[in-house]
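Enquirer: Sequence plus the predicted model coming up.
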Amino acid sequence: MTLIRKKDNLVRKAVKIVIALGVIAASDALIFHVVTPRMWRTTIDGVSKVDADIRGIEEALALFQQDCGFYPTDLESLVANKSRDAKCAAYNPDGYLDKVPTDPWGRPYVFLSDGHRYLIESYGADGKKGGRGKDADVESRNF
């Protein structure tokens, strides 16, 4: 009888250890996959803001293109009560952006458009084309 009780106790302890290890592994995975990338991204000076800004501008451009059938030639056309494009009868009177964002270094984003395609770009911390690290260019077509 005592041998069976000892075996049951060992099994219970083993189950508790396995559950505890599973909880630890799950919490480690959560920290690794959720917290660490955010910490890493925010340590790259301004890049996460550039990513968010470019994605926001792209969403506004998609709405403009859906309403007008073409992309604007400048970002100011996306802001309400600014240079509204006369060729677009369905222009949203509220605009598509509250204001045109600037990159994390206070400079306007470079915007090129022929009406059919566009490119949004930040020249990085140094404000010059090219570069590495925090000085690297970030382009909309890199997403």
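Expert: On my side now, so go ahead. Numbering: from 1, shown residues only.
Enquirer: Name the helix or strand of this structure that has the lowest mean pLDDT.
Expert: Each helix and strand of the chain was given a mean pLDDT (mean pLDDT, DSSP states H and E); the minimum falls on helix 36-43 at a mean of 42.
Enquirer: For whichever helix or strand comes after that helix, give the mean pLDDT please.
Expert: On the C-terminal side of helix 36-43, the closest following helix or strand by DSSP states H and E is helix 47-68. The predicted model assigns helix 47-68 a mean pLDDT of 92.
Enquirer: I would like the residues contacting helix 47-68, please.
Expert: Contacting residues not belonging to helix 47-68 are listed as 41-42, 71-72, 75, 77-78, 85, 87-88, 90-92, 96-97, 101, 103-104, 109, 111, 118, 120, 122, 134, 138, 140, 143 [Cβ atoms under 8 Å, 6 or more residues apart in numbering]. Using the backbone N, CA and C atoms, a C-beta is placed for each residue, glycine as well.
Enquirer: And stretch 110-129, by the same measure?
Expert: In contact with stretch 110-129 (Cβ under 8 Å, 6+ apart) are residues 45-46, 50, 53-54, 57-58, 61, 70-75, 103-105, 107, 109, 131, 134-141.
Enquirer: rerun at 6 Å
Expert: For stretch 110-129, the external contacting residues (Cβ atoms under 6 Å, 6 or more residues apart in numbering) are 50, 54, 57, 70-71, 73, 75, 103, 105, 107, 109, 131, 134-140.
Enquirer: of the residues you listed, buried ones?
Expert: Neighbour counting over the contacts of stretch 110-129 (16 or more other Cβ atoms under 10 Å) leaves Val50, Ile54, Ile57, Tyr71, Leu75, Asp103, Trp105, Tyr109, Ala136, Asp137, Val138, Ser140 as the buried ones.
Enquirer: ok, the second one to Ser140 distance?
Expert: The reference is to Ile54. Taking Cβ to Cβ, to the nearest Å as the measure, Ile54 and Ser140 are separated by 5 Å.
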